[in-house]
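Undergrad: Pasted the sequence and its predicted model underneath.
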Number of protein chains: 8
Amino acid sequence: MTFTVYLSGEIHTDWREEVARGAKAAGLDVTFTAPVTDHPASDAAGDHLGENDVQFWRDHQSSKVNAIRTRTLIEKADMVVVRFGDKYKQWNAAFDAGYCAALGKPYITLHDADIVHPLKEVDAEAQAWCQTTDQVVQTQSYVLRD
Amino acid sequence: MTFTVYLSGEIHTDWREEVARGAKAAGLDVTFTAPVTDHPASDAAGDHLGENDVQFWRDHQSSKVNAIRTRTLIEKADMVVVRFGDKYKQWNAAFDAGYCAALGKPYITLHDADIVHPLKEVDAEAQAWCQTTDQVVQTQSYVLRD
Amino acid sequence: MTFTVYLSGEIHTDWREEVARGAKAAGLDVTFTAPVTDHPASDAAGDHLGENDVQFWRDHQSSKVNAIRTRTLIEKADMVVVRFGDKYKQWNAAFDAGYCAALGKPYITLHDADIVHPLKEVDAEAQAWCQTTDQVVQTQSYVLRD
Amino acid sequence: MTFTVYLSGEIHTDWREEVARGAKAAGLDVTFTAPVTDHPASDAAGDHLGENDVQFWRDHQSSKVNAIRTRTLIEKADMVVVRFGDKYKQWNAAFDAGYCAALGKPYITLHDADIVHPLKEVDAEAQAWCQTTDQVVQTQSYVLRD
Amino acid sequence: MTFTVYLSGEIHTDWREEVARGAKAAGLDVTFTAPVTDHPASDAAGDHLGENDVQFWRDHQSSKVNAIRTRTLIEKADMVVVRFGDKYKQWNAAFDAGYCAALGKPYITLHDADIVHPLKEVDAEAQAWCQTTDQVVQTQSYVLRD
Amino acid sequence: MTFTVYLSGEIHTDWREEVARGAKAAGLDVTFTAPVTDHPASDAAGDHLGENDVQFWRDHQSSKVNAIRTRTLIEKADMVVVRFGDKYKQWNAAFDAGYCAALGKPYITLHDADIVHPLKEVDAEAQAWCQTTDQVVQTQSYVLRD
Amino acid sequence: MTFTVYLSGEIHTDWREEVARGAKAAGLDVTFTAPVTDHPASDAAGDHLGENDVQFWRDHQSSKVNAIRTRTLIEKADMVVVRFGDKYKQWNAAFDAGYCAALGKPYITLHDADIVHPLKEVDAEAQAWCQTTDQVVQTQSYVLRD
Amino acid sequence: MTFTVYLSGEIHTDWREEVARGAKAAGLDVTFTAPVTDHPASDAAGDHLGENDVQFWRDHQSSKVNAIRTRTLIEKADMVVVRFGDKYKQWNAAFDAGYCAALGKPYITLHDADIVHPLKEVDAEAQAWCQTTDQVVQTQSYVLRD
């Protein structure tokens, strides 16, 4: 059994690599997809379309280019993992979770216990809450077992 | 012309009342809906179903009760206003925005200029970004003009 | 705020009346809908279309007539309450829950604690589990508060 | 012609193997999928996410993990076989049938004649009622013939 | 309880009036809708848009105008009755039935026993087969009972 | 019988008033909706959200505000009339037609004979092509006849 | 470019073979699918599930088994050809056309000129009307050209 | 990562080849699809179905044949590029954009700066506006980066 898993959220730690290593070690047949995780490149995703003096429009232009990739990959995924780290606002991660919820796309969350309360609406629609990448891998191992 | 507008997000300031007053003053035929904005009541929304020692499950139980209301009202709304204030994580607001985006439900955001960058994915799918409740009312006045 | 609530499941006790009385006492603006709850009438729902010697086809004919009502009312409801009593198989109640789940229609369950385990898949997609009709009414009171 | 068939329901007999053997003997090009059928493993599907003292939440946690697999496989299947055995409540099987019905996914049922009446709503939306695994295989043979 | 019922098919007998009279006599709260049943007017529905020498295009033009009405009314109906008489090809009636089936819109058929075999695919997706307008009314009486 | 009709396209002639007058004279029960047809106001629809030096972003901002109204009204309409005049590019009219086509929303076109060829893809999905507002009214009269 | 084409309708002539031969001769990369075209087998499709004395239920049982195949193949097809011959009622062909129309699945018809009028509603939603299998092949050749 | 990209719009310049060459040079794994771009062949797409004296019906017949291809390819594409050149009305390009918008299919536009204003509604729903084919390729390079 094979699955495509989109890894949404935090881009400043190597949690995606941890999950991928774990899945490989467990022998899982999973294809991982993700947004562009190079932060400066992501912020500049639309710059080739024209420079903008106004921050709002620069961000707007780049976000819409990024969305071509993220929206398509989320829709093609069998499940999504949404990671909330301990830095930044990460509204885009919560946005992806809401997007999944409305599509009926199963997602699980990955975050520490100290942000359980502010994430309660996000967790309420999730299929599971993981605190470690190891739990993410175990969840996938279970889901994909023969 | 009449519209139903769901007011999502921040519950610690009176922005909803400001918008409603402005709409009334402008003579707009708008019905406003909202989540339960009484914070302690919202956190306790599921407590009548049974007490929970574990914070995660208490939050889970309450969030799912709240979702009966919020999901239904969002789906019935003609448009949604998503407000991000200057306190708290407000992941539920970003979640609602993502939910709207996937449904194709038009939404506008209301937030200060200093959080334009972290909200870029949320704003990218929005129909408008407002910085003041007055702009929200003006937007509705325009949308609903005869 | 007003809601339409479909009351699915058990037809041999007066739980629907209890819920309706409670909602009325609480001053809620709720419209309740339900399947035909007259058991012999429901079993005979298709008999006017022709008698059948074979039990399977008599049941089939009647069930499809009942489904005209139940499917339409579930789709029109804002939320559904699915009741499992202590008698009978009640597969139709679980069927309705699955139907709601696939539609993204919010539902809550009403059943005793001793059947929590066999109902775990049904409860997993529910917004709430109630053990008493009073809890059903309290849930609605919360969801509909001004 | 090839088909993917999800085998839902009873996990205490070897009906899935019977169907698979029959399909193989008939030379059918069918891929069978199924939930995790190891009962203790299924009940413990979420235990790696954290232990729960309360039965309801343990079940809840496990069911939501199982749903990642079952919901995805049902949506990918060309048809579903829903099996009701002579033991247990099997509300999850009826739930799957309702889920299929709302999706417009064709399903057939497999059960003995003595439970025709309580399963009448489930059978009413089914494409066929089989009493033996041999009939399931024959149905597939017909559906897939060149 | 109220229903909107679209009456599709045969336009050369007064079966629609029989159904309406029966529903009124039974005190049912039903709104009936229908295609334009004036045959020459229906054939000429598009003539005001320009005359056509070629029969195919005249028919095409008129059918597309008729479809504005029929498609909209079918989508708004709670259920559809599809009538097959003993004359004409009535492919439009079968077309409407297929349209309903794909939408998941409940429909019942009304036809004599001698055309059961050629209508088997149409009846297979129907919720009921009636042979008389009286049976149509009885079905509605049951579906709408308090 | 009543209909809601959205009038899309050209805003520099009084064709909307002609259609409305004709419908009134014919005694039709039609509610007409439309985009904001005050051209300078439409171009400035987003100016209250902030001035833009770059034409592209000013247009972008205004168009997204206009879309709150137009998208909602198109989705609520029973049918749409798309008017192409003899001036301007009118790509927004063709855009609305494509939007309707994807939604399965019936629309008719209103344009002169000399642009039949460039509009062939737009007309191919339309239910009717009218050359005069009188034909639009006649089409509605037919569609809505008792 | 490759296409999957479902061939619906008449089963008493070899039009499917003609189309397939023509497509092969034209070097088209088309996969053809079809219902079971062995008439006695199709009528008996459900007989292995149990004998029925009543014609209606025998037909019902068989039609629902056939629908597992036909519905799935129509939904998987890129386009559908619906053939009306000069014999039999062929309501199932019109039913398939209506099913396609509601799904937004492109279909073309294949029938003689003398039944243009009774097929006008079916042709109105079709992408093309062919009178010969050669025209069907030419249409596919055009659609698939590099 | 691989993408299918549909290239809609202008057929009188070689912009499609430029995009394809650029994508190849950049080593992108993209499959490009397009309408039939041979103008006379496209106008004659339906002529094999029968000659028409009336221009409207000739165009109608051809457009509906073309739509079999274009609609299917748009629905299968991961993203769409919509090109507006400096000649012709190009309403079909705007129509395709509206079609994409309603489907939630990401599209980008390719056009000169001097038509920004008349294309504002089309650009408002686009993910990006490109002025050169090089920008189209850069956008795809970004979207598809590993």
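TA: Structure received.
Undergrad: same question for the lengthiest helix in chain A, mean pLDDT?
TA: In chain A, with assignment by DSSP state H, the single longest helix is helix A:55-76. Averaged over helix A:55-76, pLDDT sits at 98.
Undergrad: and if you look at stretch A:105-112?
TA: Rounded mean pLDDT across stretch A:105-112 is 98.
Undergrad: How about that stretch and chain H, any contact?
TA: No - on the criterion Cβ under 8 Å from any Cβ of the partner chain, stretch A:105-112 is out of touch with chain H, staying 13.7 Å away. Every C-beta, even on glycine, is put in place using the N, C-alpha and C of the backbone.
Undergrad: So which residues on chain A come close to chain F?
TA: So chain A meets chain F at A:Asn52, A:Asp53, A:Val54, A:Trp57 (Cβ under 8 Å from any Cβ).
Undergrad: Contacts only, for the last one.
TA: For A:Trp57, the set of contacting residues under the criterion of Cβ atoms under 8 Å, 6 or more residues apart in numbering or on different chains consists of F:Asn52, F:Val54, F:Trp57.
Undergrad: now, which of the residues of chain A next to chain F sits nearest G:Leu119?
TA: Nearest to G:Leu119 out of the residues of chain A next to chain F is A:Trp57 (Cβ to Cβ; 54.3 Å).
Undergrad: What separation is there between that closest one and F:Val54?
TA: 7 Å (Cβ to Cβ, to the nearest Å).
Undergrad: same check, this time on A:Gln131
TA: In terms of Cβ to Cβ, A:Gln131 sits 46 Å off from F:Val54.
Undergrad: burial of the residue of chain A found nearest chain B, as a residue count?
TA: Closest to chain B within chain A is A:Gly98: 2.8 Å, counting by Cβ to the nearest Cβ. Using other Cβ atoms under 10 Å in any protein chain shown, A:Gly98 has 28 neighbouring residues.
Undergrad: Look up which helix or strand it falls in, please.
TA: Using DSSP states H and E, A:Gly98 maps to helix A:91-103.
Undergrad: neighbouring strands for the next helix or strand after that helix, and are they parallel or not?
TA: Remark: after helix A:91-103, the chain's next helix or strand is strand A:107-110, criterion DSSP H and E. Strand A:107-110 pairs in its sheet with strand A:79-83 (parallel), strand A:128-130 (parallel), by DSSP bridges.
Undergrad: what does chain A have sitting close to chain B?
TA: A:55-56, A:59-60, A:62-64, A:66-67, A:84, A:88-103, A:113, A:115-125, A:129.
Undergrad: now with 7 Å?
TA: A:55-56, A:59-60, A:63-64, A:67, A:88-89, A:91-92, A:94-99, A:101-103, A:116-124, A:129 (Cβ under 7 Å from any Cβ of the partner chain).
Undergrad: If any of these are buried, put those into a ChimeraX selection.
TA: Buried members of those, defined by 16 or more other Cβ atoms under 10 Å in any protein chain shown, are picked up in ChimeraX with:
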select /A:56,59,60,63,64,67,89,91,92,94,95,96,97,98,99,101,102,103,116,118,119,120,121,122,123,124,129
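Undergrad: rewinding a little: mind putting the strands paired with strand A:107-110 into TSV with distance to G:Ala41 and mean pLDDT?
TA: Output for the strands paired with strand A:107-110, formatted as TSV (distance: least, Cβ to Cβ, whole Å; pLDDT from 0 to 100):
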stretch	distance to G:Ala41	mean pLDDT
strand A:79-83	41	98
strand A:128-130	47	98
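Undergrad: and C:Thr109, which of the ones you listed is closest to it?
TA: C:Thr109 sits nearest to strand A:128-130 of all those, at 20.7 Å, using Cβ to Cβ.
Undergrad: Name the next helix or strand downstream of the closest one, please.
TA: helix A:133-143.
Undergrad: Type out the ChimeraX command that picks the buried ones from the residues of chain A next to chain F.
TA: Command for ChimeraX that selects the buried part of the residues of chain A next to chain F, burial taken from 16+ other Cβ under 10 Å:
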select /A:52,57
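Undergrad: Identify the farthest-apart pair in the residues of chain A next to chain F.
TA: Longest span within those, Cβ to Cβ: A:Asp53 and A:Trp57, 8.2 Å.
Undergrad: hang on, the earlier thing: what's the nearest residue to the residue of chain A closest to chain B once chain neighbours are set aside in contact with, if anything?
TA: Excluding its sequence neighbours, the residue lying closest to A:Gly98 (Cβ to Cβ, 6 or more residues apart in numbering or on different chains) is B:Gly98, at 2.8 Å. Counting by Cβ atoms under 7 Å, 6 or more residues apart in numbering or on different chains, B:Gly98 makes contact with A:Ala94, A:Phe95, A:Asp96, A:Ala97, A:Gly98, A:Tyr99.
Undergrad: quick one: the third one from A:Asp123, how far?
TA: The one in question is A:Asp96. A:Asp96 is 14 Å from A:Asp123, by Cβ to Cβ.
Undergrad: Which strand or helix spans the residue nearest the centre of chain A?
TA: Centroid-nearest residue in chain A: A:Ser8, 0.6 Å away (criterion: Cα atoms, centre = their mean). A:Ser8 belongs to strand A:3-9 when assigned by DSSP H and E.
Undergrad: Can you give me the buried ones in that strand?
TA: A:Phe3, A:Val5, A:Tyr6, A:Leu7, A:Ser8, A:Gly9.
Undergrad: Which elements pack onto it?
TA: On a contact count with 3 or more Cβ pairs under 7 Å, 6 or more residues apart in numbering or on different chains; DSSP states H and E, strand A:3-9 meets strand A:30-33, helix A:55-76, strand A:79-83, helix A:91-103.
Undergrad: Tell me how many other residues crowd A:Thr13.
TA: 13.
Undergrad: surely it meets A:Phe84?
TA: No - assessed by Cβ atoms under 7 Å, A:Thr13 is found out of contact with A:Phe84, at 11.3 Å.
Undergrad: Return the residues of chain A in contact with chain H.
TA: Near chain H, the residues belonging to chain A are A:Val36, A:Ala45, A:Gly46, A:His48, A:Leu49, A:Lys64, A:Val65, A:Ala67, A:Ile68, A:Arg69, A:Arg71, A:Thr72 when assessed by Cβ under 7 Å from any Cβ.
Undergrad: swap the cut-off to 8 Å and go again
TA: Residues of chain A lying near chain H (Cβ under 8 Å from any Cβ): A:33, A:36, A:41, A:45-46, A:48-50, A:61, A:64-65, A:67-69, A:71-72.
Undergrad: Could you identify the buried members of these?
TA: By 16+ other Cβ under 10 Å, the residues of chain A next to chain H give A:33, A:36, A:45-46, A:48-50, A:61, A:64-65, A:67-69, A:71-72 as buried.
Undergrad: For those, work out which two are farthest apart.
TA: A:Thr33 and A:Gly50 (28.5 Å).
Undergrad: residues touching A:Val80, list them.
TA: A:Val5, A:Tyr6, A:Leu7, A:Ser8, A:Ile74, A:Asp96, A:Ala97, A:Cys100, A:Lys105, A:Pro106, A:Tyr107, A:Ile108.
Undergrad: oh, I was asking about A:Gln127
TA: A:Met79, A:Pro106, A:Tyr107, A:Ile108, D:Lys64, D:Val65, D:Ala67, D:Ile68.
Undergrad: residue in chain A nearest to chain F?
TA: Chain A approaches chain F most closely through A:Trp57 (5.1 Å), counting by Cβ to the nearest Cβ.
Undergrad: Show me which residues of chain A sit near chain D.
TA: Residues of chain A lying near chain D (Cβ under 8 Å from any Cβ): A:1, A:3, A:78-79, A:106, A:108, A:126-131, A:135, A:138-139, A:142-145.
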